[in-house]
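Q: Please find the sequence and the predicted model below.
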Amino acid sequence: MSAALAAPVIDGYRRDGHCVVRALASRHEVAAIRPAIEEAAARRTVGVAPLDERDTYGKAFLQATNVWRLDDAVREFVFDPRFARTAAQLMGVDSVRLYHDQALIKEPGGGPTPWHQDQRYWPLDTTDTITMWMPLADVAGEVGSMTFASGSHLLGDLGVPGISDETEALFADVVRRRGLSEDTHGALRAGDATFHAGWTLHRAGANPTGAPRPVITVIYFADGARVSEPADDYQRFDLAMWLKGAAPGERADGERNPRLC
Ligand SMILES: O=C(O)CCC(=O)C(=O)O
(Lines give C-alpha, C1' and ligand atoms only; values in the text may rest on other atoms or scores of the structure.)
Protein backbone atom coordinates (compact mmCIF):
# COMPACT_ATOMS: atom_id res chain seq x y z
CA MET A 1 0.00 0.00 0.00
CA SER A 2 1.14 3.54 -0.70
CA ALA A 3 0.91 6.17 2.00
CA ALA A 4 -2.12 8.46 1.78
CA LEU A 5 -1.27 11.59 -0.17
CA ALA A 6 -1.50 14.92 1.62
CA ALA A 7 -4.70 16.83 0.83
CA PRO A 8 -2.84 19.81 -0.75
CA VAL A 9 -1.19 17.47 -3.26
CA ILE A 10 -4.56 16.01 -4.29
CA ASP A 11 -6.21 19.45 -4.36
CA GLY A 12 -3.31 20.83 -6.41
CA TYR A 13 -3.56 17.98 -8.91
CA ARG A 14 -7.30 18.51 -9.39
CA ARG A 15 -6.92 22.30 -9.73
CA ASP A 16 -3.79 22.37 -11.92
CA GLY A 17 -3.90 19.00 -13.70
CA HIS A 18 -0.43 18.01 -12.47
CA CYS A 19 1.61 17.46 -9.31
CA VAL A 20 4.88 15.99 -8.09
CA VAL A 21 5.28 13.16 -5.59
CA ARG A 22 8.81 12.98 -4.23
CA ALA A 23 10.56 9.64 -3.56
CA LEU A 24 7.62 7.54 -4.74
CA ALA A 25 10.19 4.83 -5.45
CA SER A 26 13.46 4.59 -3.59
CA ARG A 27 16.73 5.40 -5.33
CA HIS A 28 17.78 1.83 -4.66
CA GLU A 29 14.69 0.38 -6.41
CA VAL A 30 15.17 2.66 -9.39
CA ALA A 31 18.88 1.89 -9.70
CA ALA A 32 18.00 -1.81 -9.65
CA ILE A 33 15.38 -1.62 -12.44
CA ARG A 34 17.04 0.99 -14.69
CA PRO A 35 19.28 -1.44 -16.62
CA ALA A 36 16.35 -3.75 -17.43
CA ILE A 37 14.21 -0.84 -18.69
CA GLU A 38 17.08 0.59 -20.75
CA GLU A 39 17.89 -2.83 -22.17
CA ALA A 40 14.23 -3.42 -23.12
CA ALA A 41 14.05 0.07 -24.63
CA ALA A 42 17.25 -0.52 -26.61
CA ARG A 43 15.78 -3.73 -28.07
CA ARG A 44 12.69 -1.81 -29.20
CA THR A 45 14.63 1.07 -30.78
CA VAL A 46 17.17 -0.85 -32.87
CA GLY A 47 17.74 0.80 -36.27
CA VAL A 48 16.47 4.27 -35.34
CA ALA A 49 18.01 6.94 -37.60
CA PRO A 50 20.76 9.21 -36.21
CA LEU A 51 19.43 12.14 -34.17
CA ASP A 52 20.14 14.80 -36.80
CA GLU A 53 18.16 12.88 -39.46
CA ARG A 54 14.94 12.71 -37.40
CA ASP A 55 11.97 15.09 -37.31
CA THR A 56 11.07 17.12 -34.22
CA TYR A 57 9.07 14.27 -32.65
CA GLY A 58 11.89 11.80 -33.33
CA LYS A 59 14.49 14.13 -31.81
CA ALA A 60 12.47 14.49 -28.58
CA PHE A 61 13.14 10.98 -27.27
CA LEU A 62 13.73 7.34 -28.03
CA GLN A 63 10.40 5.68 -27.22
CA ALA A 64 9.69 2.07 -26.33
CA THR A 65 6.16 1.13 -25.34
CA ASN A 66 4.73 -1.65 -23.19
CA VAL A 67 8.16 -2.62 -21.98
CA TRP A 68 6.37 -4.52 -19.18
CA ARG A 69 5.70 -7.23 -21.74
CA LEU A 70 9.43 -7.76 -22.38
CA ASP A 71 10.80 -8.40 -18.91
CA ASP A 72 9.35 -9.84 -15.68
CA ALA A 73 11.22 -7.44 -13.42
CA VAL A 74 10.02 -4.46 -15.47
CA ARG A 75 6.47 -5.81 -15.27
CA GLU A 76 6.70 -5.97 -11.49
CA PHE A 77 7.95 -2.37 -11.39
CA VAL A 78 5.34 -1.00 -13.81
CA PHE A 79 2.56 -2.87 -11.99
CA ASP A 80 3.71 -1.56 -8.57
CA PRO A 81 0.52 -0.96 -6.54
CA ARG A 82 2.11 2.10 -4.85
CA PHE A 83 2.19 3.90 -8.19
CA ALA A 84 -1.32 2.75 -9.13
CA ARG A 85 -2.74 3.72 -5.71
CA THR A 86 -1.21 7.17 -6.06
CA ALA A 87 -2.83 7.56 -9.47
CA ALA A 88 -6.19 6.37 -8.06
CA GLN A 89 -6.01 8.76 -5.10
CA LEU A 90 -5.21 11.72 -7.32
CA MET A 91 -8.17 10.98 -9.60
CA GLY A 92 -10.44 10.05 -6.68
CA VAL A 93 -11.33 6.59 -8.02
CA ASP A 94 -11.27 3.19 -6.33
CA SER A 95 -9.19 1.31 -8.86
CA VAL A 96 -7.22 1.83 -12.04
CA ARG A 97 -6.14 -0.16 -15.07
CA LEU A 98 -3.01 0.08 -17.16
CA TYR A 99 -3.31 1.83 -20.53
CA HIS A 100 0.34 1.37 -21.42
CA ASP A 101 3.84 2.18 -20.24
CA GLN A 102 6.66 3.82 -22.14
CA ALA A 103 10.38 4.28 -21.71
CA LEU A 104 11.28 7.77 -22.95
CA ILE A 105 14.99 8.33 -23.30
CA LYS A 106 15.87 11.92 -24.18
CA GLU A 107 19.34 11.45 -25.63
CA PRO A 108 22.29 13.82 -25.12
CA GLY A 109 21.55 16.64 -27.57
CA GLY A 110 17.90 15.51 -27.86
CA GLY A 111 15.36 18.18 -28.78
CA PRO A 112 12.39 19.61 -26.90
CA THR A 113 9.10 17.71 -26.65
CA PRO A 114 6.47 19.97 -28.25
CA TRP A 115 3.28 21.01 -26.47
CA HIS A 116 0.57 18.35 -26.75
CA GLN A 117 -2.46 16.75 -25.07
CA ASP A 118 -2.15 12.99 -24.45
CA GLN A 119 -5.83 12.13 -24.31
CA ARG A 120 -6.31 13.22 -27.94
CA TYR A 121 -4.87 9.79 -28.78
CA TRP A 122 -6.99 7.69 -26.44
CA PRO A 123 -10.34 6.12 -27.45
CA LEU A 124 -11.66 5.97 -23.88
CA ASP A 125 -15.01 7.26 -22.60
CA THR A 126 -13.57 8.72 -19.38
CA THR A 127 -11.54 11.77 -18.37
CA ASP A 128 -10.24 9.82 -15.36
CA THR A 129 -6.88 9.24 -17.03
CA ILE A 130 -3.44 10.05 -15.69
CA THR A 131 0.23 9.59 -16.52
CA MET A 132 3.01 8.94 -14.04
CA TRP A 133 6.39 10.24 -15.33
CA MET A 134 9.30 8.91 -13.32
CA PRO A 135 12.97 9.59 -14.09
CA LEU A 136 15.33 6.65 -13.64
CA ALA A 137 18.28 9.01 -13.03
CA ASP A 138 18.47 12.42 -11.39
CA VAL A 139 17.22 15.12 -13.78
CA ALA A 140 19.30 18.28 -13.58
CA GLY A 141 17.62 21.69 -13.68
CA GLU A 142 19.08 22.44 -17.11
CA VAL A 143 17.19 19.42 -18.54
CA GLY A 144 14.22 19.69 -16.22
CA SER A 145 11.01 17.82 -15.75
CA MET A 146 8.02 18.66 -17.91
CA THR A 147 6.31 22.03 -18.14
CA PHE A 148 2.53 22.02 -17.69
CA ALA A 149 -0.10 24.59 -18.61
CA SER A 150 -1.88 24.69 -15.26
CA GLY A 151 -5.65 24.29 -15.46
CA SER A 152 -5.59 23.25 -19.12
CA HIS A 153 -7.06 19.83 -18.25
CA LEU A 154 -10.34 21.58 -17.48
CA LEU A 155 -10.53 22.83 -21.09
CA GLY A 156 -10.80 19.27 -22.46
CA ASP A 157 -10.03 18.56 -26.09
CA LEU A 158 -8.44 21.61 -27.71
CA GLY A 159 -8.77 19.93 -31.09
CA VAL A 160 -5.11 19.73 -32.12
CA PRO A 161 -3.80 16.18 -32.56
CA GLY A 162 -0.16 15.18 -32.78
CA ILE A 163 3.21 16.20 -31.34
CA SER A 164 5.04 18.42 -33.80
CA ASP A 165 6.35 21.90 -34.60
CA GLU A 166 2.75 22.71 -35.48
CA THR A 167 1.31 21.67 -32.09
CA GLU A 168 4.14 23.56 -30.37
CA ALA A 169 3.17 26.78 -32.15
CA LEU A 170 -0.61 26.30 -31.89
CA PHE A 171 -0.62 25.36 -28.21
CA ALA A 172 1.93 28.07 -27.29
CA ASP A 173 -0.62 30.47 -28.75
CA VAL A 174 -3.47 28.86 -26.75
CA VAL A 175 -1.42 29.17 -23.54
CA ARG A 176 -0.68 32.84 -24.26
CA ARG A 177 -4.20 33.80 -25.31
CA ARG A 178 -5.86 32.08 -22.36
CA GLY A 179 -3.27 33.37 -19.90
CA LEU A 180 -2.49 29.88 -18.62
CA SER A 181 0.37 29.62 -16.17
CA GLU A 182 3.34 27.50 -17.33
CA ASP A 183 4.64 25.51 -14.36
CA THR A 184 7.36 22.93 -13.88
CA HIS A 185 8.52 20.82 -10.96
CA GLY A 186 12.11 21.50 -12.04
CA ALA A 187 14.96 19.18 -11.17
CA LEU A 188 13.86 15.72 -9.99
CA ARG A 189 15.69 12.89 -8.31
CA ALA A 190 15.47 9.32 -9.54
CA GLY A 191 12.26 7.83 -8.10
CA ASP A 192 10.42 11.16 -7.81
CA ALA A 193 7.40 11.28 -10.12
CA THR A 194 5.15 13.83 -11.70
CA PHE A 195 1.53 13.01 -12.51
CA HIS A 196 -0.55 14.78 -15.14
CA ALA A 197 -4.12 14.40 -16.34
CA GLY A 198 -4.95 13.16 -19.83
CA TRP A 199 -6.02 16.59 -21.09
CA THR A 200 -3.26 18.62 -19.40
CA LEU A 201 -1.18 20.50 -21.97
CA HIS A 202 2.50 19.78 -21.47
CA ARG A 203 5.92 20.00 -23.08
CA ALA A 204 9.53 19.28 -22.13
CA GLY A 205 12.79 21.08 -22.79
CA ALA A 206 15.78 19.82 -24.79
CA ASN A 207 18.67 17.87 -23.29
CA PRO A 208 21.79 20.03 -23.65
CA THR A 209 23.83 17.73 -21.36
CA GLY A 210 26.07 14.80 -22.24
CA ALA A 211 23.95 12.31 -20.28
CA PRO A 212 20.67 10.65 -21.34
CA ARG A 213 17.42 11.47 -19.51
CA PRO A 214 15.85 8.03 -18.93
CA VAL A 215 12.19 8.09 -17.88
CA ILE A 216 9.50 5.46 -17.44
CA THR A 217 5.90 6.58 -17.78
CA VAL A 218 2.83 4.59 -16.79
CA ILE A 219 -0.59 5.64 -18.07
CA TYR A 220 -3.66 4.63 -16.06
CA PHE A 221 -7.41 4.97 -16.50
CA ALA A 222 -10.25 4.43 -14.05
CA ASP A 223 -11.47 0.85 -13.89
CA GLY A 224 -14.89 0.59 -15.55
CA ALA A 225 -14.06 2.88 -18.47
CA ARG A 226 -15.33 1.82 -21.89
CA VAL A 227 -13.77 2.00 -25.31
CA SER A 228 -15.16 4.85 -27.39
CA GLU A 229 -15.53 4.95 -31.18
CA PRO A 230 -12.10 6.00 -32.50
CA ALA A 231 -12.26 9.57 -33.78
CA ASP A 232 -9.32 9.37 -36.20
CA ASP A 233 -6.32 7.29 -37.28
CA TYR A 234 -4.40 8.17 -34.09
CA GLN A 235 -7.18 6.62 -32.01
CA ARG A 236 -7.57 3.65 -34.38
CA PHE A 237 -3.86 2.97 -33.83
CA ASP A 238 -4.23 3.22 -30.04
CA LEU A 239 -7.28 0.92 -30.06
CA ALA A 240 -5.32 -1.75 -31.92
CA MET A 241 -2.15 -1.33 -29.87
CA TRP A 242 -3.21 -0.65 -26.28
CA LEU A 243 -6.78 -1.92 -26.06
CA LYS A 244 -6.30 -5.00 -28.19
CA GLY A 245 -9.34 -7.23 -28.26
CA ALA A 246 -11.81 -4.60 -27.00
CA ALA A 247 -14.44 -3.05 -29.28
CA PRO A 248 -16.13 0.37 -29.00
CA GLY A 249 -18.80 0.26 -26.30
CA GLU A 250 -17.10 -2.55 -24.40
CA ARG A 251 -15.27 -2.24 -21.10
CA ALA A 252 -11.55 -1.68 -21.50
CA ASP A 253 -10.58 -4.70 -19.45
CA GLY A 254 -8.56 -6.95 -21.76
CA GLU A 255 -5.34 -8.73 -20.90
CA ARG A 256 -3.25 -5.72 -21.95
CA ASN A 257 -5.16 -3.54 -19.49
CA PRO A 258 -4.80 -5.28 -16.12
CA ARG A 259 -6.32 -3.78 -12.99
CA LEU A 260 -3.38 -2.54 -10.92
CA CYS A 261 -5.14 -1.57 -7.71
O1 LIG B 1 9.31 12.91 -21.55
C2 LIG B 1 8.97 13.74 -22.40
O3 LIG B 1 9.76 14.46 -22.97
C4 LIG B 1 7.51 13.88 -22.74
C5 LIG B 1 6.64 12.89 -22.04
C6 LIG B 1 5.17 13.10 -22.24
O7 LIG B 1 4.75 13.92 -22.99
C8 LIG B 1 4.25 12.29 -21.47
O9 LIG B 1 4.67 11.42 -20.68
O10 LIG B 1 3.02 12.49 -21.61
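A: Received it, and whenever you're ready, just let me know what you need. Numbering: from 1, shown residues only.
Q: how close does E182 get to the ligand?
A: Here the criterion is Cβ to the nearest ligand atom, to the nearest Å. By it, E182 lies 15 Å from the ligand. Yep, even glycine has a C-beta here, placed from its N, CA and C like the rest.
Q: give the contact list for that residue.
A: By Cβ atoms under 8 Å, 6 or more residues apart in numbering, the contact set of E182 is 147-150, 175.
Q: Please repeat the previous calculation with a cut-off of 10 Å.
A: Going by Cβ atoms under 10 Å, 6 or more residues apart in numbering, E182 touches 115, 147-150, 152, 172, 175-176, 201-203.
Q: ok, which of these also contact the ligand?
A: When contact is defined as Cβ under 6 Å from any ligand atom, these meet the ligand at H202.
Q: Output the contacts of E182 in TSV; the columns should cover distance to E107.
A: Output for those, formatted as TSV (distance: Cβ to Cβ, whole Å):
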residue	distance to E107
W115	21
T147	19
F148	23
A149	26
S150	29
S152	28
A172	24
V175	27
R176	30
L201	24
H202	20
R203	17
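Q: Including secondary structure, neighbour count and pLDDT, could the contacts of E182 go into JSON lines?
A: Formatted as JSON lines, the contacts of E182 follow (DSSP: H, G, I helix; E, B strand; the rest coil; neighbours: other Cβ atoms under 10 Å; pLDDT from 0 to 100):
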{"residue": "W115", "secondary structure": "strand", "neighbour count": "26", "pLDDT": "98"}
{"residue": "T147", "secondary structure": "strand", "neighbour count": "21", "pLDDT": "98"}
{"residue": "F148", "secondary structure": "strand", "neighbour count": "25", "pLDDT": "98"}
{"residue": "A149", "secondary structure": "strand", "neighbour count": "26", "pLDDT": "98"}
{"residue": "S150", "secondary structure": "coil", "neighbour count": "19", "pLDDT": "98"}
{"residue": "S152", "secondary structure": "helix", "neighbour count": "27", "pLDDT": "98"}
{"residue": "A172", "secondary structure": "helix", "neighbour count": "16", "pLDDT": "98"}
{"residue": "V175", "secondary structure": "helix", "neighbour count": "19", "pLDDT": "98"}
{"residue": "R176", "secondary structure": "helix", "neighbour count": "10", "pLDDT": "98"}
{"residue": "L201", "secondary structure": "coil", "neighbour count": "29", "pLDDT": "98"}
{"residue": "H202", "secondary structure": "strand", "neighbour count": "28", "pLDDT": "98"}
{"residue": "R203", "secondary structure": "strand", "neighbour count": "22", "pLDDT": "98"}
